[in-house]
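[1] okay, predicted coordinates and the sequence, questions at the end:
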Amino acid sequence: MTKERILILGAGLSGLSAAWHLQRLNKECLVFEKEAECGGLCRSKTMSGFTFDYCGHLLHFRSAYALDLIRNLFQENLIEHKKSAWVYSYNRFTRYPFQANLFGLPRPVIKECLSGFIDAQRNLPHKAKHGFSFLEWMHLTFGKGIARHFMVPYNQKFWTVDCKELTCDWFGGFIPRPTLKEIISGALRENKKVFGYNAAFWYPKQGGIQEVSKAFSAKVKHLYLGYEAESLDFKKREVSFKNGRRYRYDALILTLPLPEIAALGKNLPSGVRGALKNLKYNSIFNLNLGISGNGTPDKHWVYFPEKKFVFFRAGFPKNFSASLAPPGASSVYAEVSYSGEKPLDKKRIGGKIINGLKHAKVIKPKDKILIQDSNDIKYGYIIYDRLRAPSLKSINGYLRKQRVFPLGRYGAWSYKSMEDCLLDGKQIAESFA
Ligand SMILES: Cc1cc2nc3c(=O)[nH]c(=O)nc-3n(C[C@H](O)[C@H](O)[C@H](O)COP(=O)(O)OP(=O)(O)OC[C@H]3O[C@@H](n4cnc5c(N)ncnc54)[C@H](O)[C@@H]3O)c2cc1C
């Protein structure tokens, strides 16, 4: 029997995990990455003693397999943290999730949130129906007050599109749904219970999140860096690269963003081209700052629902690992989302972010900004509108017939974490066994 030639495009976590798992199954594959280093979004930059990731990149695990895998690769170099996540609104910090931690908010806000939630509970039978937009779901699940004071403004800012255009297919267990008892108790006193599946997270003790992709890439053979695919001939089963090289395949694992194949793919049927145009996403502008002083030592990250802040979230890398900032200094990252529907003024955004961080006293008057860095992440979060599912069905149906297997956050075009990418890499490798 002749060996099947498997090519993987993209050496982010999905491509690396697929390659690593294929190797373990004694299957050979070649991995091609356009950049000069592996890791994709799971990379870090070190400058003047500060290490920054592409925004916050924290490891959450639901699967014992993924946790064991990372533990084995990392040995001692892993710390577990109990999450300390907050919301900043009405000029104060309250614990996240907003709905379970109303304590400390102005009394009229607490009252509106509680009475709205109680009304929503009365209408519970309506929730058995399906097909709600995300906007309807937020109102029906949490009531008017929680929707108005956090859920809607935060999600509107984050997704950049009207939440009534979004489906509910993306969140699964992501959005914590406390009971009425928990909401009342969180309104009466400070609630230290951590909600949601990601109550704990893991991070490398030394180095940034790139340590994860480094741990895999060190073990992956046949890794070709600086290979940017420029055309995909699905009929000939051949990939051509910008450096002039061409490789034939029997199976192609594709982790680059799916919309890109509209430009790369030769002879794509018009239906598939049309479906590719329907795929929407937001982009993320990330500002990283190295600052003097201790920063915000008791928090990991903070959500900012209010419009007056251009960013939707800010976080504090030094609280993930002391190795990420020099002694006596700390750092902060802020994330702003944008899209065609909510364009970004890239010249002014840095100043607006810094002003917002000062306003929230995340940067204190005595703090000095020692270093600034930014990342402009074109493909940030996949927008789950009503066209996504039928478009994907048509695209995937065509690609599978050509022995092309989309994988990962942007290949599979879904809301995937690093853990999901690791597990998807395992699953696809096993499908070739
Ligand atoms: C702002 C933000 C914050 C996040 N925070 C977290 C978090 O805290 N925790 C978490 O678990 N997950 C987080 N994620 C998700 C996580 O980053 C992804 O799930 C994961 O890194 C995706 O890996 P991937 O390999 O699928 O894609 P990518 O990392 O995008 O890798 C794709 C690779 O393909 C390469 N490529 C692209 N085009 C070509 C081409 N033409 N030829 C060859 N190579 C090409 C790219 O250079 C890249 O290396 C976050 C994502 C974002 C955007």
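    Perfect, I can see it now.
[2] buried residues in the top strand by length along the chain?
    In the chain, assigned by DSSP state E, the strand with the most residues is strand 369-382. For strand 369-382, the neighbour count (16 or more other CB atoms under 10 Å) marks Leu370, Ile371, Asp373, Ser374, Asn375, Ile377, Tyr379, Gly380, Tyr381, Ile382 as buried. Bear in mind the C-beta positions are built from the backbone N, C-alpha and C, glycine included.
[3] can you redo those as CSV with pLDDT?
    Converted to CSV, those look like this (pLDDT from 0 to 100):
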residue, pLDDT
Leu370, 98
Ile371, 97
Asp373, 96
Ser374, 97
Asn375, 98
Ile377, 98
Tyr379, 98
Gly380, 98
Tyr381, 98
Ile382, 98
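[4] tell me which of those residues is nearest to Glu260?
    Glu260 has its nearest neighbour among the buried residues of strand 369-382 in Tyr379, at 9.0 Å by CB to CB.
[5] residues contacting that closest one?
    Tyr379 makes contact with Pro257, Tyr281, Ser283, Tyr410 under the criterion CB atoms under 8 Å, 6 or more residues apart in numbering.
[6] would you mind measuring from the second one to Ala334?
    Plainly put, Tyr281 is 20 Å away from Ala334 if you go by CB to CB, to the nearest Å.
[7] got the residues of the stretch 301-433 of the chain near the ligand?
    In this structure, the stretch 301-433 of the chain approaches the ligand at residues Glu335, Ile377, Gly380, Gly408, Arg409, Tyr410, Lys416, Ser417, Met418, Glu419, Cys421, judged by CB under 6 Å from any ligand atom.
[8] tell me the most packed of these, by neighbour count.
    Gly408 (29 neighbours; other CB atoms under 10 Å).
[9] can you give me phi and psi for the closest residue to that residue other than its chain neighbours?
    Computed as CB to CB, 6 or more residues apart in numbering, the closest residue to Gly408 that is not its neighbour in sequence is Ser14, at 2.9 Å. Here is the backbone geometry of Ser14 (degrees, to the nearest 10): phi -70, psi -50.
[10] which residues touch Ser14?
    Gly40, Thr255, Leu407, Gly408, Arg409, Gly411, Cys421, Asp424, Gly425.
[11] could you redo the last one with a cut-off of 7 Å?
    Thr255, Leu407, Gly408, Gly411, Cys421, Asp424, Gly425 (CB atoms under 7 Å, 6 or more residues apart in numbering).
[12] which secondary structure element is home to the nearest residue in space to Pro269 that is not next to it in sequence?
    Spatial nearest neighbour of Pro269, excluding adjacent residues (CB to CB, 6+ apart): Tyr398 at 6.4 Å. If you go by DSSP states H and E, Tyr398 is part of helix 388-401.
[13] and for Leu22?
    Counting by DSSP H and E, Leu22 is part of helix 13-24.
[14] and the next element down the chain from that helix?
    Counting by DSSP H and E, the element after helix 13-24 in chain order, helix or strand, is strand 29-33.
[15] and stretch 250-257, what's buried?
    Ala251, Leu252, Ile253, Leu254, Thr255, Leu256, Pro257.
[16] swap in stretch 293-310?
    Buried residues in stretch 293-310, counted by 16+ other CB under 10 Å: Gly295, Thr296, Lys299, His300, Trp301, Val302, Tyr303, Phe304, Pro305, Glu306, Phe309, Val310.
[17] what count of nearby residues applies to Met47?
    Using other CB under 10 Å, the number of residues around Met47 comes to 12.
[18] quick check: beta-bridge partners of it?
    Note on Met47: beta-bridge partners Phe50, judged by DSSP bridges.
[19] got a pLDDT number for it?
    Listed pLDDT for Met47 reads 96.
[20] is it true that it touches Ile371?
    Yes. The criterion here is CB atoms under 7 Å, and Met47 meets it with Ile371 at 6.2 Å.
[21] ok, back up a step: ok, so of the residues of the stretch 301-433 of the chain next to the ligand, who is nearest the ligand?
    Gly408 (2.4 Å; CB to the nearest ligand atom).
[22] hang on, the earlier thing: the longest strand of the chain to helix 388-401, inter-axis angle?
    80 degrees (axes from the mean of the first three to the mean of the last three CA atoms, to 10 degrees).
[23] I'd like the distance from strand 369-382 to the chain centre, please.
    In this view, strand 369-382 has its centroid 13 Å away from the chain centroid, taken as CA atoms, centre = their mean, to the nearest Å.
[24] list the neighbouring strands of that strand plus their orientation.
    strand 281-292 (antiparallel).
[25] is the strand it pairs with positioned near the ligand?
    Yes. Strand 281-292 reaches the ligand (CB under 6 Å from any ligand atom) through Ile284.
[26] ramachandran angles for Val362?
    Torsion angles, degrees, to the nearest 10, at Val362: phi -70, psi -40.
[27] right, and it touches Thr296 too?
    Yes. Counting by CB under 7 Å, Val362 touches Thr296, with 5.8 Å between them.
[28] dump the residue contacts of Leu102.
    Counted by CB under 7 Å, 6+ apart, Leu102 has contacts Ile110, Cys113, Gly186, Ala187.
[29] so Ala412 sits right up against Pro406, yeah?
    Yes. At 5.4 Å, Ala412 counts as touching Pro406 under the criterion of CB under 7 Å.
[30] list the residues that contact both of those two?
    Common contact partners of Ala412 and Pro406 (CB under 7 Å, 6+ apart): none.
[31] still on that earlier bit, nearest to the ligand among the buried residues of stretch 250-257?
    Leu256 (3.5 Å).
[32] under a three-state scheme, what state does the closest one occupy?
    When classified by DSSP: H, G, I helix; E, B strand; the rest coil, Leu256 comes out as coil.
[33] count of neighbours near the nearest residue to it once chain neighbours are set aside?
    The shortest distance from Leu256 to any non-neighbouring residue, by CB to CB, 6+ apart, is to Gly10 (4.8 Å). By other CB under 10 Å, 26 other residues sit near Gly10.
[34] for Gly10, which residues are in contact?
    Under the criterion of CB under 7 Å, 6+ apart, the neighbours of Gly10 are Glu33, Gly40, Thr255, Leu256.
[35] what of Ser240?
    Contacts of Ser240 (CB under 7 Å, 6+ apart): Glu230, Ser231, Arg246.
[36] so what's the last one bridging to?
    It refers to Arg246. Ser240.
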